[in-house]
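Trainee: need a 3D model of the sequence below.
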Amino acid sequence: MNDFSRRAFIFGGAAAASAVVFATVNKMGADALADPPDGDVKPLKVTVVEFGEDGKRLRSIERDKIIKSKDEWKKLLSADSYQVTRRAATEAPESGELVHEHHAGIFRCVCCENALFDSKTKFESGTGWPSFWEAIAKENVYERLDASLGQVRREVKCTLCDAHLGHLFSDGPDPTGLRYCMNSVALRFYERKSA
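Mentor: Predicted coordinates:
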């Protein structure tokens, strides 16, 4: 075996081993972020802000956190929405229907209809995922650290049902400098009704 093919064999084997390690770490990270096992869970109260179909803020309200079994979520959601929202997967870039949605309206949680983002804060980030520079109300989403994929990121979740929505980055436009990088299949878009 000549020197070049020996190096190619060694580097090819290392690349294959790295791919297996990456896939394993990604799976472990997704499992760590996924819904807890089914069982008796005491409902928690959370405060969210409700918005009308016209996008106007209605009121802050205390509600029971929405908790369902894995089977209930699977019946309610498409396979892709379940994998993203309940198993913390990520859709492929440019694959979502809402990436280039430009109508005026509200983006709500696909799992529970909680209002998440207003189209006024949506921007084209060039990443292949719907991006927003601000949540519609800080009460309606929350963040937690995500150490999957060998890096630490800020995961964004729905306050009302704990759906995984995407991640938050600090490379967005003014006025916030934030980029809420969301999965299309975690959102449902409602076009604003004209008055």
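Trainee: so where's the protein uncertain?
Mentor: 1-43, 194-195 (pLDDT under 70).
Trainee: mind listing the helices for it?
Mentor: Taking DSSP state H, the helices of the chain run over residues 3-33, 70-76, 79-87.
Trainee: which residues in this protein form strands?
Mentor: Here the chain has its strands, by DSSP state E, at 45-51, 57-64, 105-109, 115-118, 122-123, 131-132, 141-146, 153-158, 164-169, 179-182, 187-191.
Trainee: please save the CA atoms from the third one in CSV.
Mentor: What that stands for is strand 105-109. In CSV, the C-alpha atoms belonging to strand 105-109 read as follows (Å, rounded to 0.1, in the frame of the first residue of the first chain):
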residue,chain,number,x,y,z
GLY,A,105,-50.0,37.7,11.0
ILE,A,106,-49.1,35.7,14.1
PHE,A,107,-47.0,32.5,14.4
ARG,A,108,-48.5,30.2,17.1
CYS,A,109,-47.3,27.0,18.7
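Trainee: can you tell me which helices and strands it packs against?
Mentor: On a contact count with 3 or more CB pairs under 8 Å, 6 or more residues apart in numbering; DSSP states H and E, strand 105-109 meets strand 115-118, strand 187-191. Yep, even glycine has a C-beta here, placed from its N, CA and C like the rest.
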